[in-house]
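>>> Generate coordinates for the sequence data below:
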Amino acid sequence: MEEEQDKLLPIANVGRIMKQILTPNAKISKEAKQTMQECATEFISFVTGEASDKCQKENRKTVNGDDICWALSTLGFDDYAEAIVRYLHKYREVERERSANQHRSSAGPEQENIEDSSHVSCQPKQQIEEARNGIEFRILDKGNGSSFTNPS
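Numbers count the residues shown, from 1 in each chain. Below is the predicted model of the structure:
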């Protein structure tokens, strides 16, 4: 049983994510957290397995973000794939800027004046958080196909 638990996402993290969507006074049972823990772990394994199969067919060893987006889309999770593509794009922008800033600081003060000094006002970590906040997750009602966006 302990070996199986080692393969699951940490239940405290799952509980925190679940709590974000609920009203402040709502409670979550241990059984609900455990069920969601197993579902989330299975979902991640399912998507990653599809991405891994693609990489193996292409003789690559590393699964990257584009592979995950491809797998989500291939498996029919197009809405999630689109949101993750937007996040991945913003994340890469932040990483490029971080790399450029590190390069500038190691080049010395005279080089810093030569290069373009325009920059975004937030730090990279804040930009990543802004990218996360820009992702919309919608809850679909299977009965009539309608959906609503998470207000958080």
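>>> contacts and neighbour counts: CA atoms only from here.
Fine.
>>> so is K61 in a helix, a strand, or just coil?
Assigned state for K61: coil (three-state reduction, DSSP: H, G, I helix; E, B strand; the rest coil).
>>> What distance do you get for it to E50?
As judged by Cα to Cα, to the nearest Å, K61 and E50 stand 14 Å apart.
>>> Pick out whichever of the two has more residues nearby.
E50 (17 against 9; other Cα atoms under 10 Å).
>>> residues near H89, how many?
Count around H89 with other Cα under 10 Å applied: 14.
>>> which parts of the helix or strand containing it are buried?
Per DSSP states H and E: H89 is located in helix 78-107. Within helix 78-107, the residues that count as buried by 16 or more other Cα atoms under 10 Å are 80-85, 87-88, 90-91, 94-95, 97, 104.
>>> In a markdown table, list the residues you listed along with pLDDT and distance to P10.
Listed next are the buried residues of helix 78-107 as a markdown table, based on pLDDT from 0 to 100; distance: Cα to Cα, whole Å:
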| residue | pLDDT | distance to P10 |
| --- | --- | --- |
| Y80 | 91 | 22 |
| A81 | 92 | 24 |
| E82 | 93 | 27 |
| A83 | 92 | 24 |
| I84 | 92 | 22 |
| V85 | 93 | 26 |
| Y87 | 92 | 23 |
| L88 | 92 | 24 |
| K90 | 94 | 27 |
| Y91 | 92 | 24 |
| V94 | 93 | 28 |
| E95 | 93 | 27 |
| E97 | 92 | 32 |
| R104 | 81 | 39 |
